[in-house]
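Trainee: The following block contains a protein sequence and its predicted model.
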Number of protein chains: 2
Amino acid sequence: MIADFESFKIQLSLSKIETCRELYRQNTDMIRIKKEEVAVKNLVRIIDSTLRLTYAKGFHAMSLRDLCADSGFSIGGLYAYIKNKEDLIYLIQSHGFMLARRTILAYTNGITDPRDKLLTAVKAHVYLSELMQPWFYFSFMEVKSLPKKQKQEAIAVELEIESIIYDIIEEGMAAGVFRRLNAHLLASLCKAMMQDWYLKRRKYRNQGTSVTQYAEFVGDVLGSYLNPRS
Amino acid sequence: MIADFESFKIQLSLSKIETCRELYRQNTDMIRIKKEEVAVKNLVRIIDSTLRLTYAKGFHAMSLRDLCADSGFSIGGLYAYIKNKEDLIYLIQSHGFMLARRTILAYTNGITDPRDKLLTAVKAHVYLSELMQPWFYFSFMEVKSLPKKQKQEAIAVELEIESIIYDIIEEGMAAGVFRRLNAHLLASLCKAMMQDWYLKRRKYRNQGTSVTQYAEFVGDVLGSYLNPRS
DNA sequence: GTCTATAGCATGATAGAC
DNA sequence: GTCTATCATGCTATAGAC
């Protein structure tokens, strides 16, 4: 079970550098830089800038000159890390997928009580999207323009998350802890609610909603709806 | 109260031509064409094509050449209706706003029972977004890149819709029909759920969910959560 | 009112100096 | 390993024929 946001943050140990090192090692063919230390440090800069600029104006609207200005690179320098603009998408997507999938499953596995399990899945997702908000936002907004293979992967990951929720609901109904209802629809609504946390993050910040408050409210709405009626 | 989707559709009388005529009359300065009949017919073509292409690949990725190919215009011909690419956004946004705001309020005004009113607001929104899906999608995806003034308007319209829901919840709590809870958060979640209908429309079509089924399910989740506890 | 032709510019990508 | 200089392309926008 997830204790609180702060310990989640630590457990996840979302070291960007760590993730980028893994990314570098998997793509030594694409990246021309030989010194791991240098390459990893710069990958972090490139990915950070891309996420920031895409959040501000969209990936297509972001030019590579924009990216260079923001990350402090020159055009030529940048092209040592990618062979074309599309590679930026690949870099960002791949390390995000790894992390997201792993985390959700790690937290839900091993829990048996359906109510606990549902709340944990919701919390894990909302907490994760809080820590990786730029990535979640990027992934959502850019699916449409992704190259075919990555588009399918993105959709598959999303359906996977929804099916984790679906399975928990089904288990709970089978165990008689939840009442019988349309589990597909409820799982979709759950996804929609969790999604809003990273799509409309500024709104929630403005109205002073904390990440824990949000996750628990969503969990409460679901839990209440699933209660067997008297 | 809304009877069913089909009669909603008829009552809305979403005549594209009618809306575009109004749009033409409001912008005779921007549009160089003098014959109303010709202008209106072509505005429909232009708006239709823009929405379709933007849905497929995003507004920035759509070139004016793409738009010409799809709408059957030439570059020069197109520029008789707009003075630059940004004007396309303006055309699309303005007629959408008019229609959306009017409709929701028209349906909810006059209803006194909070439960009825909430369900009606949800239904009106979901039905509306079903009929104007390309516009809602466009509006959501392109807010970021909108020129300042239109960006503010878009955000204002969205908050307005959320506050309609919020007010209904508050009224119901004051009347003792709903139990006391965080109305701001619940209104946000309601918006998030309604929103998913036009953001993930393909998913819902694939899983065979009808627009009425969706709207009623959302209404049911909310209504159930708002029930006073025994 | 609509077309073709083209200007003018910003972009993605490369070559080669250091 | 990083930079500057440059190319080729595709874009928005305009001019002028019909």
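Mentor: Done, it's in.

Trainee: Any figure for the gap between A:Leu181 and DNA strand D?
Mentor: Using C-beta to the nearest atom of the strand, to the nearest Å, A:Leu181 is found at 47 Å from DNA strand D. Backbone N, C-alpha and C define where each C-beta goes, glycine included.

Trainee: My read is that that residue contacts A:Asn227, right?
Mentor: No: when contacts are counted by C-beta atoms under 8 Å, A:Leu181 is not listed as touching A:Asn227 (10.8 Å).

Trainee: Settle it for me: which of those two has more neighbours?
Mentor: With neighbours defined as other C-beta atoms under 10 Å in any protein chain shown, A:Leu181 and A:Asn227 compare such that A:Leu181 has more, 15 against 12.

Trainee: which residues touch the nearest residue to A:Val126 once chain neighbours are set aside?
Mentor: Closest residue to A:Val126 apart from its sequence neighbours, by C-beta to C-beta, 6 or more residues apart in numbering or on different chains: A:Ala215 at 4.0 Å. By C-beta atoms under 8 Å, 6 or more residues apart in numbering or on different chains, the contact set of A:Ala215 is A:Val122, A:Lys123, A:Val126, A:Tyr127, A:Trp197.

Trainee: among these, which are in helices?
Mentor: Under the assignment DSSP state H, the contacts of A:Ala215 contribute A:Val122, A:Lys123, A:Val126, A:Tyr127, A:Trp197 to helices.

Trainee: Next, the buried residues of the helix of greatest length in chain A.
Mentor: As assigned by DSSP H, the longest helix anywhere in chain A is helix A:148-174. By 16 or more other C-beta atoms under 10 Å in any protein chain shown, the buried positions in helix A:148-174 come out as A:150, A:154, A:157-158, A:161-162, A:164-173.

Trainee: Next: stretch A:69-80.
Mentor: A:Asp70, A:Ser71, A:Phe73, A:Leu78.

Trainee: Give me the subset of these that lies in strands.
Mentor: Using DSSP state E, no member of the buried residues of stretch A:69-80 sits in strands.

Trainee: Near chain B, which residues of chain A are found?
Mentor: Within chain A, the residues that sit near chain B (C-beta under 8 Å from any C-beta of the partner chain) are A:56-58, A:60-61, A:141, A:144-145, A:182, A:184-186, A:188-189, A:191-193, A:195-196, A:200, A:203-204, A:207, A:209, A:213-214, A:217-218, A:221, A:224-225, A:230.

Trainee: Need the buried ones from the residues you listed selected in ChimeraX.
Mentor: Selection of buried members from the residues of chain A next to chain B for ChimeraX, criterion 16+ other C-beta under 10 Å:
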select /A:58,60,61,141,145,184,185,186,188,189,191,192,193,195,196,200,203,204,209,214,217,218,221,225
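
Trainee: can I get the buried residues of stretch A:69-80 in CSV with distance to A:Phe5 and pLDDT?
Mentor: CSV is the format used below for those (distance: C-beta to C-beta, whole Å; pLDDT from 0 to 100):
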residue, distance to A:Phe5, pLDDT
A:Asp70, 29, 98
A:Ser71, 29, 98
A:Phe73, 34, 97
A:Leu78, 35, 98
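
Trainee: could those residues be laid out in CSV, adding distance to B:Arg102?
Mentor: Shown next, in CSV, are those (distance: C-beta to C-beta, whole Å):
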residue, distance to B:Arg102
A:Asp70, 42
A:Ser71, 46
A:Phe73, 50
A:Leu78, 49
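
Trainee: which one of those is nearest DNA strand D?
Mentor: Closest approach to DNA strand D among those (C-beta to the nearest atom of the strand): A:Phe73, at 4.7 Å.

Trainee: residue contacts, the closest one?
Mentor: Per C-beta under 8 Å, 6+ apart, neighbours of A:Phe73: A:Asn42, A:Arg45, A:Ile46, A:Leu67.

Trainee: thinking again about what came up before, which of the buried residues of helix A:148-174 lies closest to A:Asn27?
Mentor: Using C-beta to C-beta, A:Gln150 comes nearest to A:Asn27 of these, at 14.3 Å.

Trainee: check contacts around the closest one.
Mentor: A:Ile89, A:Tyr90, A:Gln93.

Trainee: Could you rerun that using 6 Å?
Mentor: The contact partners of A:Gln150, by C-beta atoms under 6 Å, 6 or more residues apart in numbering or on different chains, come to A:Gln93.

Trainee: Neighbours of the nearest residue to A:Arg25 once chain neighbours are set aside, how many?
Mentor: Of all residues not flanking A:Arg25 in the chain, A:Glu36 sits nearest, at 7.7 Å (C-beta to C-beta, 6+ apart). Neighbourhood size, A:Glu36 [other C-beta under 10 Å]: 13.

Trainee: what's the pLDDT at A:Glu36?
Mentor: As predicted, A:Glu36 sits at a pLDDT of 96.

Trainee: now do A:Leu14
Mentor: According to the model, A:Leu14 carries a pLDDT of 58.

Trainee: Same check on the one 10 residues further on?
Mentor: On pLDDT, A:Tyr24 comes in at 95.

Trainee: what residue ranges in chain A score low on pLDDT?
Mentor: The model of chain A has pLDDT under 70 over residues A:13-15.

Trainee: near DNA strand D, which residues of it?
Mentor: A:32-35, A:38-39, A:42, A:72-77, A:79-80 (C-beta under 7 Å from any atom of the strand).

Trainee: And the helices in chain A?
Mentor: With DSSP H as the criterion, chain A has helices spanning A:5-12, A:16-26, A:36-57, A:64-71, A:75-78, A:85-108, A:114-131, A:133-142, A:148-174, A:183-199, A:201-206, A:211-226.

Trainee: List the buried residues for the second one?
Mentor: If you call a residue buried by 16+ other C-beta under 10 Å, then helix A:16-26 has these buried ones: A:Thr19, A:Cys20, A:Arg21, A:Leu23, A:Tyr24.

Trainee: DNA strand C next: which of the residues you listed are close?
Mentor: Answer for these near DNA strand C: none qualify (C-beta under 7 Å from any atom of the strand).

Trainee: Distance to A:Thr108 added to those residues, as CSV?
Mentor: Shown next, in CSV, are the buried residues of helix A:16-26 (distance: C-beta to C-beta, whole Å):
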residue, distance to A:Thr108
A:Thr19, 22
A:Cys20, 27
A:Arg21, 27
A:Leu23, 26
A:Tyr24, 30
